[in-house]
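Colleague: structure for this input, please:
(2 chains)
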Amino acid sequence: MKSFLKTCTSIVLVSIFGFIGCKHSMVISRVDYSQSIESVLTPNQNGMVEDVQHGLKFNVKPLQYIETQDTSSVTTDQIRYIRGAEGFYYITAPNYKNVYVMAPEKDKLKLQKKINVSDSGITKPAFNQRSSYIQLLDRSSGNSWKLNAEGIQKEKSQMANNEVN
Amino acid sequence: MKYRISILSFIFLLSAAGASLAQTSQSDYEIQKDFKQHYKQLKNKFDTVSSPDKVRALMDSIKVFDGHYQSHYELLNKALYPETYNQKMDELKQTSVKTLDRLETINQKTQKMQELQKQLTTYEKNLQQLNQHADSLKQAMQKSVQNEKRLSSMVRNYRKSLEKRDDLIMAFIDSTVVAYQQMDISKMQNLENVDNPEKLKSNGDALKMIHNISQENLQILKKNSGNLRLQDYMRMSKVENQFQNMWNRLGDKITEVYNGKNADQLASEIDKNISEWNKALKNQTLATLNDTLQSNGINLKEFDSPKSLYSSLNLYLDGKIKLSKKNASEAYQDYKRFQKFWNKIEIQWSSNFADAGLITQNQMASIDQKVDMWAENAKPASSNHVLAYLLGASVLLAVALGVMLIRERKSNNKG
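Modeller: Down below sits the predicted model:
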């Protein structure tokens, strides 16, 4: 009787798991979303930017609000973004203090992480796609950082240079 | 020069970009943007470049360009997708080669064109010179025509003046003849001691004048052999004849009353002049007659004396008469021409010819007969033939009508 119960239980469990397994959609793993070259976009007067090449369109005002607490008018003429291998969008603009890591969702970009780079802001930021990370570059100073969804790290060569200086 | 500076500045910009890349960090975005921008600039330069040397300079700058961006090969492959960096560079190199070919061809064509242009300029110059030459020739021709007109007008005037002069000489001859015929020499000699000097002085000029006239006439003949026509010679021969007659008749008288010392010498010179005048007049008249006959299409055997003129005329007429007998229509035009010429001689100048001793009256009558004979044979027979045919046809018609009439009567009688 015990063994019968065990057998029945195991059959039920296998059936349940099998049922659950049949309901799951197909998944393709190890997808690389990396965008080889960053996109540089100019917002319109409403703050909308559109990247025709990569099929992305969004409003920059929420980002601007976090930076300046002002959305009365668009204060930047350039938005730079790049997509990392894991699929997050790294967005910033000249003189922004932060890099915004945004996760794409249905009809929205959700803030994954706000990475503070400099309190004074980077005057000439740029993103480069590197093999395992996103490189943030300050073109005016030549400083560069390694970025990922977890955080920021100043690049070694820069650190060495700084130490020499 | 400007272009070289532009290319140098381009290379300098590339180097500067490279240097800045080395010194400060350049984003991938900027690298691909710069690449595209420089690529476009280079491509545009190939579109606007105008000489093979400049293309070669640009080819050098492609090498620099390639050297500069070769290190970003992978990045640019991504940025240029679906094209690749190598494709873009090959395209640029091909463009440079094609442009070089095109410009070298254009250069060659331009050189050829310039050579042709030079040739054309030379031809134009030559043509201009030829035109100028032609113009000057035209002018010279016009001048020559004008001169010819003037000359012919002068000749015409000269001939008129000669005619007047001859009239004057004739008048002089008439007056001299009248004056000297009425003069009684013996009576004059008796009056010699009274007022002879005055009379002799006034009359004595005649010998001098006759001498001058004879001399001048001889000179005129010698100098103007080409300008005178047959009618001039005819008139002159008349004057010469009258002059000679006058001199023959009154020469002694005129010499006798001459007051000068060299009267006999003048008289002998007048004799000589008249003789030469006569001879020259005869020769030149014959020569002009020869020319006149030739120009009228009458081909006589050439003659240089009255005797040879007569024999030449006879020979010509005999030949033509013979020809006319064989083929009348062929010689008819010749006959018309000769008749026209001969009529003029016969009507206008027969006495002149006789007086000048060119043709005697008998000879002229003989030639006249031969001309008549020629006329008989030279008339075209075609009209006679037509008349004969018409006559024959009318006779046949009359006979046919007669026969028909007789038959009709006979049939009526039977009925």
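
Colleague: and for residue 56, the neighbour number?
Modeller: Just going to use chain A. A count of nearby residues for A:Leu56, using other Cβ atoms under 10 Å in any protein chain shown, gives 17. Backbone N, C-alpha and C define where each C-beta goes, glycine included.

Colleague: that's the wrong chain, I wanted chain B
Modeller: A count of nearby residues for B:Arg56, using other Cβ under 10 Å, gives 13.

Colleague: isn't it right next to B:Leu103, touching?
Modeller: No - using Cβ atoms under 8 Å, B:Arg56 is not in contact with B:Leu103, being 9.9 Å away.

Colleague: which residues does A:Trp145 form beta bridges with?
Modeller: When assigned by DSSP bridges, A:Trp145 has beta-bridge partners A:Leu136, A:Lys154.

Colleague: contacting residues for it?
Modeller: Neighbouring residues of A:Trp145 by Cβ atoms under 8 Å, 6 or more residues apart in numbering or on different chains: A:117, A:135-136, A:152-155.

Colleague: list just the nearest of these to B:Val145.
Modeller: Nearest to B:Val145, judged by Cβ to Cβ, of the contacts of A:Trp145 is A:Gln135 at 102.4 Å.

Colleague: do you know how far the nearest residue to the closest one once chain neighbours are set aside is from A:Leu137?
Modeller: Nearest non-adjacent residue to A:Gln135, counting by Cβ to Cβ, 6 or more residues apart in numbering or on different chains: A:Asn128, 4.1 Å away. Distance of A:Asn128 to A:Leu137, computed by Cβ to Cβ, to the nearest Å: 6 Å.

Colleague: which neighbours do these two have in common?
Modeller: B:Ser27.

Colleague: of those two, who's got more company?
Modeller: A:Leu137 (25 against 22).

Colleague: verify the stated contact: the more buried one with A:Phe127.
Modeller: Yes - checked against Cβ under 8 Å, the pair A:Leu137 and A:Phe127 is within contact range at 7.4 Å.

Colleague: mind listing the shared neighbours of the two?
Modeller: Counting by Cβ under 8 Å, 6+ apart, the shared contacts of A:Leu137 and A:Phe127 are B:Ser27.

Colleague: just the buried ones among the contacts of A:Trp145, please.
Modeller: Buried members of the contacts of A:Trp145, scored by 16 or more other Cβ atoms under 10 Å in any protein chain shown, are A:117, A:135-136, A:152, A:155.

Colleague: pick out the residue of chain B closest to chain A.
Modeller: B:Ser27 (3.2 Å; Cβ to the nearest Cβ).

Colleague: I figured that residue hits A:Asp138, correct?
Modeller: No - under the criterion of Cβ under 8 Å, B:Ser27 makes no contact with A:Asp138, lying 10.1 Å away.

Colleague: compare those two (neighbour count), which wins?
Modeller: A count of neighbours by other Cβ under 10 Å puts B:Ser27 above the other of B:Ser27 and A:Asp138, at 23 against 20.

Colleague: how about that one: what's its closest non-neighbour residue?
Modeller: A:Ala126 (3.2 Å).

Colleague: B:Leu103 too?
Modeller: Spatial nearest neighbour of B:Leu103, excluding adjacent residues (Cβ to Cβ, 6+ apart): B:Pro52 at 4.8 Å.

Colleague: just the pLDDT for the one you found.
Modeller: Looking at B:Pro52, its pLDDT is 90.

Colleague: so the residue nearest to B:Ser27 sits in a strand?
Modeller: Yes - looking at A:Ala126 with DSSP: H, G, I helix; E, B strand; the rest coil, it is inside a strand.

Colleague: relative to B:Gln128, how far out is the residue nearest the centre of chain B?
Modeller: In chain B, the residue lying closest to the centroid (Cα atoms, centre = their mean) is B:Met141, at 9.1 Å. Counting by Cβ to Cβ, the gap from B:Met141 to B:Gln128 is 20 Å.

Colleague: give the next helix or strand downstream of the one helix or strand B:Trp277 maps to.
Modeller: Element membership for B:Trp277 (DSSP states H and E) is helix B:263-295. Next along the chain after helix B:263-295, taking DSSP H and E as the criterion, comes helix B:306-326.

Colleague: contacting residues around that next one?
Modeller: Helix B:306-326 is touched from outside by B:282, B:286, B:289, B:298-303, B:330-332, B:334-335, B:338, B:357-359, B:363, B:366-367, B:370-371, B:373-374, B:377-378, with contacts defined as Cβ under 8 Å, 6+ apart.

Colleague: just the buried ones from those residues, in ChimeraX syntax?
Modeller: Typed into ChimeraX, the line below selects the buried ones among these, using 16+ other Cβ under 10 Å:
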select /B:282,286,289,298,300,303,331,332,334,335,338,358,359,363,366,367,370,371,373,374,377,378
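
Colleague: what average pLDDT does stretch B:364-371 get?
Modeller: In this model, stretch B:364-371 has a mean pLDDT of 87.

Colleague: any idea how far that stretch is from the chain center?
Modeller: Taking Cα atoms, centre = their mean, to the nearest Å, one finds stretch B:364-371 lying 40 Å from the centre of the chain it belongs to.

Colleague: mind exporting the C-alpha coordinates of that stretch to CSV?
Modeller: Presented in CSV, the C-alpha positions along stretch B:364-371 are these (Å, rounded to 0.1, in the frame of the first residue of the first chain):
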residue,chain,number,x,y,z
MET,B,364,39.4,92.0,-156.8
ALA,B,365,37.1,91.1,-159.7
SER,B,366,38.6,87.7,-159.9
ILE,B,367,38.1,87.0,-156.2
ASP,B,368,34.6,88.4,-156.4
GLN,B,369,33.8,85.8,-159.1
LYS,B,370,35.1,83.1,-156.9
VAL,B,371,33.0,84.3,-154.0
